[in-house]
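[1] Structure, please.
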Amino acid sequence: MSRARQPPLVTGISPNEGIAWTKVTIRGENLGTGPTDLLGLTICGHNCLLTAEWMSASKIVCRVGQAKNDKGDIIVTTKSGGKGTSTVSFKLLKPEKIGILDQSAVWVDEMNYYDMRTDRNKGIPPLSLRPANPLGIEIDKGRFPQKDLESLFPGMSADFTSENFSAAWYLIENHSTTSFDQLKMAVVNLKKQANKKNEGSLAYVKGGLSTFFEAQDALSAIHQKLEADGTEKVEGSMTQKLENVLNRASNTADTLFQEVLGRKDKADSTRNALNVLQRFKFLFNLPLNIERNIQKGDYDVVINDYEKAKSLFGKTEVQVFKKYYAEVETRIEALRELLLDKLLETPSTLHDQKRYIRYLSDLHAPGDPAWQCIGAQHQWILQLMHNCKESYVKEQKGNALLHSPMLDLDSDMRPSPIGHLSQTASLKRGSSFQSGRDDAWRYKAPQQVVFVEKLTKLVVSQLPNFWKLWVSYVNGSLFSETAEKSGQMERSKKNARQRQNDFKKMIQEVMHSLVKLIRGALLPFTLREGELRQYGGWEMKSELSGQWLTHVIQTVRLSSESLTALEIPNDMLQIIQDLILDLRVRCIIVTLQHTAEDIKRLAEKEDWVVDNEGLTSLPSQFEQCIIRALQSLKTVLDCKPGEASVFQQQKTQDDVCQLSIGIMQGFIDCLEQLSTKPDGDIDTSHLSVDVSSPDLFGSIHEESSLSSEQRLLIALSNCRYLERHTFLNIAEHFEKHGFQGVDKITQRAFFWDRDPLVTNQRRFITYKSRKVMVSMESLKELDQRLFEMYIEFKADPIVGSLEPGIYAGYFDWKDCLIPTGVRNYLKEALVNIIAVHAEVFTISKDLVPRVMSRVVEAVSEELSRLMQCVSSFSKNGALQAKLEICALRDTVAIYLTPESKSSFKQALEALPQLSSGTDRKLLEELLNKFKSSMHLQLTCFQASSSAMMKT
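    Numbers count the residues shown, from 1 in each chain. A predicted model of the protein is given here:
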């Protein structure tokens, strides 16, 4: 790690000299960023870190310890700057000796004193007599790191006063660069010191020999004196008196020095206690400091202090230290529990979770806190999802009576297929709940839709942190450098590898809950009974419309994209894709069902206003209704990345095909209903004149109501347009919007055009789907039924009037006068045919040939039957019959079909042949006379009129 700061530099120390345990103030630059940044502080080679108090980056206060060197540098080591340098030095003074009876104003360490009377050191422990430099040669500190020496000599020490003293370690540390000759000199010095030690007792005796002699002489003199007196056994002898004197002297001395010695012992005890408190105040104050730092939230400081205490006193045998260290462990255990509670507390941010996990790992918390946090977060997300569902279900039940009119999109307020959502709520997920119309949108939207919005928003907001926490757990970024050194990171990575399947199950459980909760709200029929009790509970009075389902699909798609961006494996998100597919299929089904209902209601919107082509607005409304439905499904039909086609399943193809056929069949039924209603059931109060129509259409609107024959003609005109244009356009729209997948192959249907003028032409039409073909057949059947009904209304009266008209006035084919012209019955029949022509022409010019051809067929067939029923004709009767047959045939020649031509031919063949030229000439004159006299009436049957009608 690169160092962002300069190394520490000590520029001053006050005071710059003093005895051991002198309090000094160190000043300089870059002395650390805080107490935790200070790693080391040495004065004259002695580690003073335990007594150091970091004040600022330019000031540190500490006490000087016992140092081997009398003068040395002040070295500060920090985490941020490393090991520093010093421009000043400190001089360690030797304290002056204070006798046992001397008074002192300050506390001083107990010192050795020299007894001038006996010339002997008092109170000097044996080890203290050892020289600081036992080899007697210059010490040269090597550059070997202390850690390396500790690893080379485990359990040993370089301190020659220690029981575990290692000579090799001492030589490497202090004399690594010493020459071999100097080492030889060191051996000589060691031998001299050993000899002096052995000679110490003998020298002591030699030095005090005179004293021994004087004592011996005194004892001998006393002994001789006693023998001379002979008073050894006499009571009150000298010896007894001497003993009494000595005892009194001893008691007097005790009396004199008891108070002084007591004060000295007490002072020594107090001084030793203060020294211990001063030296180890870090440990004694640590429990209280831990409590304070925990309350302030300075967990890093607590952890650093604990690590320091653990390294210094973790294995201590001193009972006082053990007691305080046990108290520290108790406080740390409470901190572990506190941090674990905070870690498992929800909700919490990813940053806090990582921080608490790092603290717990540094405190060597038992178990695996990171995995516990992942498990708690998983359960919390699941609980949030179910709580969200329960709250909206309760709200729906509580507000059902209040808001049901607004929430029922299938009522009269149901939006149009293309415009509602754009006017009420944005389809963009980010703005659905952020816009200024949020409250209005929530009020109008069904509870299920708002619930899905809230649920997906909840998952998308919580799952990323959950996933990132797992990724950090796997790669070990949750742990600090301390945990890495202790091997905790490797153990965590191993645990993460072992728990991959468990985490995968957690993600799958979240995805399953998300999908099933949405299914319970929108697609309850896709859940089993047990799942429905857990994930359902909604009141499904009416199913959501296709527009709301489209909005839900957009919401779920955006959620899926957000989860995919987290790099969650696709197999875990496949269940969401399956949900989207089912929602898309359901949206298509519902939209088509609602469209079918709208189509059925089109009959109420028929205004019977006919345009120039004989059409009302109904076919256009039908086509626009389907186009709007298909346009509303555009986003649903489009496949986003990773999505499958909605038509991949055969059942979906069949359902969509049946619904599409039902839509078209519904419109066909609507046409039939309109065309076959009794006259009294038709409301024509709203009829108006089409200003773009010529005056010849005005006759329709002069009446206050339409006749059933006129409605049949209008329906036939609409059917003709549907067959030739609308259904083909709809087929193209189905293909354009992706419905080409409904059929495995393109199917073709052939049908015969019913126009007799193109009777020998077979038209070839290619339909893009089976539904159009089936619907076309139904349309043809309806067209044929309506056509037959109209022909029955119009042709039957004309046909029925022929026979009475022929035999009016007791006319007899066997006995009749020479013909003078066409009789009135035929003229009346022609006038009735002209009336039919006018009525059809008024509605639709394109229907004229078809209707007139069938009327002529019926009339010609009846005329042929009547002629064939005559047993015999007179000459005049035959001429009269031929005149009338030829007059009718020539008049309607433009509308003759093979059937009508055959009927006229059969009628003429039933007549006797005209043998004389006079009869044929008379026939021709009478035909010309008829055509001349009825020229105006027969104009509609002329070829020029037919040409005009086809233009």
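[2] In this structure Ser853 contacts Pro898, no?
    No. Contact status for Ser853 versus Pro898: not in contact, 10.3 Å apart, counting by Cβ atoms under 8 Å. All C-beta atoms are positioned from the backbone trio N, CA, C, and that covers glycine.
[3] Among those two, which residue is more densely surrounded?
    Relative neighbour count places Ser853 above the other of Ser853 and Pro898, with 22 against 11, counting by other Cβ atoms under 10 Å.
[4] Now the element after the one helix or strand that one maps to, going C-ward?
    Under the criterion of DSSP states H and E, Ser853 resides in helix 848-869. Next helix or strand after helix 848-869 toward the C-terminus (DSSP H and E): helix 875-891.
[5] what about the helix or strand following that next one, distance to the chain center?
    Elements were assigned by DSSP H and E; along the chain past helix 875-891, the next helix or strand is helix 898-909. Per Cα atoms, centre = their mean, to the nearest Å, the displacement of helix 898-909 from the mean C-alpha position of its chain is 81 Å.
[6] which residues are contacting the following helix or strand past helix 898-909?
    Per DSSP H and E, helix 898-909 leads on to helix 917-933 as the next helix or strand towards the C-terminus. The set of residues that contact helix 917-933 without belonging to it, under Cβ atoms under 8 Å, 6 or more residues apart in numbering, is 818-822, 875, 879, 882-883, 886-887, 890-891, 914, 938.
[7] Can you say which of those are buried?
    Among the contacts of helix 917-933, those buried by neighbour count (16 or more other Cβ atoms under 10 Å) are Pro819, Gly821, Val822, Leu879, Lys882, Leu883, Cys886, Ala887, Thr891, Leu914, Leu938.
[8] Confirm that the second one sits in a helix.
    Spelled out, that is Gly821. No. When the secondary structure is assigned by DSSP: H, G, I helix; E, B strand; the rest coil, Gly821 falls in coil instead of a helix.
[9] and it, how far is that from Lys814?
    Plainly put, Gly821 is 20 Å away from Lys814 if you go by Cβ to Cβ, to the nearest Å.
[10] Ok, the third one next?
    Relative to Lys814, Val822 is positioned 20 Å away (criterion: Cβ to Cβ).
[11] same check, this time on the fifth one
    Using Cβ to Cβ, one obtains 15 Å as the distance from Lys882 to Lys814.
[12] Please identify the helix or strand for the residue of the chain positioned farthest from its centre.
    With Cα atoms, centre = their mean as the measure, the chain has its most outlying C-alpha, relative to the mean C-alpha position, at Ala228: 121.6 Å. Ala228 is part of helix 209-229 when elements are defined by DSSP H and E.
[13] Report the mean per-residue pLDDT for the helix or strand containing Val328.
    Following DSSP H and E, one finds Val328 within helix 319-344. If you average the pLDDT over helix 319-344, you get 88.
[14] Which pair in the buried ones among the contacts of helix 917-933 has the greatest spatial separation?
    Across the buried ones among the contacts of helix 917-933, the longest distance by Cβ to Cβ is 24.1 Å; it joins Leu914 and Leu938.
[15] and Asp181, what helix or strand is that in?
    Under the criterion DSSP H and E, the helix or strand holding Asp181 is helix 180-198.
[16] Which positions within that helix qualify as buried?
    With burial defined by 16+ other Cβ under 10 Å, the residues of helix 180-198 counted as buried are Ala186, Asn189.
[17] Kindly report the same for stretch 886-903.
    Within stretch 886-903, the residues that qualify as buried are 886-889, 891-892, 894-897, 899-900, 903, counting by 16+ other Cβ under 10 Å.
[18] got a list of contacts for that stretch?
    Around stretch 886-903, the neighbours that count as contacts under Cβ under 8 Å, 6+ apart are 756, 759, 822, 826, 829-830, 833, 849, 852-853, 855-857, 859-861, 863-864, 904, 908, 923, 927, 930-931, 938, 941-943, 946.
[19] ok, back up a step: now do the residue farthest from the centre of the chain against Ala221, distance only.
    Distance check for Ala228 against Ala221: by Cβ to Cβ, it reads 11 Å.
[20] likewise Ile75?
    For Ile75, the distance to Ala221 under the criterion Cβ to Cβ works out to 68 Å.
[21] did I read that right, Asp607 in a helix?
    No. Per three-state DSSP, Asp607 lies outside any helix segment and is coil.
[22] pLDDT score for it?
    pLDDT, the model's per-residue confidence, is 78 for Asp607.
[23] my guess is it contacts Thr616, does it?
    Yes. With contact defined as Cβ under 8 Å, Asp607 counts as touching Thr616 (6.7 Å).
[24] more neighbours, the two?
    For the pair Asp607 and Thr616, the greater number of neighbours falls to Thr616 (21 against 12), based on other Cβ under 10 Å.
[25] is it fair to say the more buried one lies in a helix?
    No. The assignment for Thr616 is coil, going by three-state DSSP, so no helix is present there.
[26] Torsion angles phi and psi at Thr11?
    Summarising the backbone geometry of Thr11 under the convention degrees, to the nearest 10, its torsions are phi -110, psi -10.
[27] With Glu29 instead?
    Backbone torsions of Glu29, given as degrees, to the nearest 10, read phi -130, psi 150.
[28] now swap in Val76 and tell me
    Given degrees, to the nearest 10, the pair of backbone angles that Val76 has is phi -110, psi 130.
[29] what's the most distant pair in the buried residues of stretch 886-903?
    Among those, the pair separated by the greatest distance (Cβ to Cβ) is Ala887 and Glu899, at 19.7 Å.
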